[in-house]
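A.B. asks: here are the coordinates; sequence isn't available:
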């Protein structure tokens, strides 16, 4: 596997990375702005075809923002479902990226891909059930059970869960579909709307961060209660750029659960709710993890 030539695409809401790997080591990456589907997918496909023409690519992994149709039995397999990103609903992600390429391909959400990467190389190793959550331009979560992403009618869309709001929090939310779902409360654009400025300019002791911590604690409690996950891993710029936020989320989570879950205690909460192990590489390595999965069948 160490010499196998693999390719991946991490399709994000603002930028796309096209990746070439030797086994589990990324050796080239090309950044493409995520504009309109035809332009973005064609540019990424051209790069993949150029690499494939130079030397055969054994498999391709696609880790995309969603929601995505993932059932191979579906007529719209690999297509984008209704999404807040203008112009992308209905786009043929899988077909557009793999046109002219005859190697095995796997497609999943970017968060499921990142979860696979964390399971293979990061903070999810040796775990049977855990979440990877990214908080950035949006909020998404991938759930792995026995090393495999959970799929059903589609895939988990936890960004649009409604949480119990903290007393005194009057922010209306920023999601164009649901207003104050969790994505509409704590994603990067939501925080900018909440604060009236970029969150990086807001001091750690601003009391409005307590509302954000409460929202995230409510989400974590919901996921622990419904899935009995062993761990929740947090990634994305909102989670990783504000060091003071996570300890407050943990304390609020313990307070809200009131000792109900025996596996979540003052002694264990730092291991149960923590930052992802791969940092900014979870996304790109997720695409490569999907390529490995495609190759292994």
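C.D. replies: On my side now, so go ahead. Here the structure is a predicted model, which is why all the values come from computation and not from measurement.
A.B. asks: CA only for contacts and neighbour counts going forward, please
C.D. replies: Will do.
A.B. asks: Residue 133 touches residue 156, doesn't it?
C.D. replies: No. Residue 133 lies out of contact with residue 156 (CA atoms under 8 Å); the separation is 11.0 Å.
A.B. asks: Of the two, which one has the most company?
C.D. replies: residue 133 (26 against 19; other CA atoms under 10 Å).
A.B. asks: would that one count as being in a strand?
C.D. replies: Yes. Counting by DSSP: H, G, I helix; E, B strand; the rest coil, residue 133 is found in a strand.
A.B. asks: so who does it touch?
C.D. replies: Contacts for residue 133 (CA atoms under 8 Å, 6 or more residues apart in numbering) come out as 111, 139-142, 232-236.
A.B. asks: So which of the residues you listed are in strands?
C.D. replies: 139-142, 232-235 (DSSP state E).
A.B. asks: Burial check on the spatially closest residue to residue 161 that is not a sequence neighbour, number of neighbours?
C.D. replies: Spatial nearest neighbour of residue 161, excluding adjacent residues (CA to CA, 6 or more residues apart in numbering): residue 181 at 5.4 Å. Close neighbours of residue 181, defined as other CA under 10 Å, add up to 22.
A.B. asks: Adding distance to residue 119 and neighbour count as columns, could you present the ones in strands among the contacts of residue 133 in JSON lines?
C.D. replies: Shown next, in JSON lines, are those (distance: CA to CA, whole Å; neighbours: other CA atoms under 10 Å):
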{"residue": "139", "distance to residue 119": "20", "neighbour count": "23"}
{"residue": "140", "distance to residue 119": "17", "neighbour count": "27"}
{"residue": "141", "distance to residue 119": "14", "neighbour count": "25"}
{"residue": "142", "distance to residue 119": "11", "neighbour count": "27"}
{"residue": "232", "distance to residue 119": "12", "neighbour count": "25"}
{"residue": "233", "distance to residue 119": "11", "neighbour count": "23"}
{"residue": "234", "distance to residue 119": "14", "neighbour count": "22"}
{"residue": "235", "distance to residue 119": "14", "neighbour count": "29"}
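A.B. asks: the helices in the stretch 51-200 of the chain, which residues?
C.D. replies: Secondary structure of the stretch 51-200 of the chain (DSSP state H, counting those that start in this stretch): helices located at 93-98, 110-121, 182-186, 188-195.
A.B. asks: joint contacts of residue 133 and residue 156?
C.D. replies: By CA under 8 Å, 6+ apart, residue 133 and residue 156 have these common neighbours: 141-142.
A.B. asks: quick one on the thing from earlier: please verify my assumption that the residue nearest to residue 161 contacts residue 160.
C.D. replies: Yes. Between residue 181 and residue 160 there is a contact at 5.0 Å, judged by CA under 8 Å.
A.B. asks: could you pull out the strands for this structure?
C.D. replies: Assigned by DSSP E, the strands in the chain fall at 5-11, 15-22, 25-33, 59-64, 105-109, 129-135, 139-145, 148-149, 231-235, 273-275.
A.B. asks: Need the ones you listed in CSV (columns: mean pLDDT and distance to residue 295).
C.D. replies: Shown next, in CSV, are the strands of the chain (pLDDT from 0 to 100; distance: least, CA to CA, whole Å):
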stretch, mean pLDDT, distance to residue 295
strand 5-11, 97, 9
strand 15-22, 97, 13
strand 25-33, 97, 16
strand 59-64, 98, 6
strand 105-109, 96, 8
strand 129-135, 96, 23
strand 139-145, 95, 19
strand 148-149, 94, 15
strand 231-235, 97, 26
strand 273-275, 97, 29
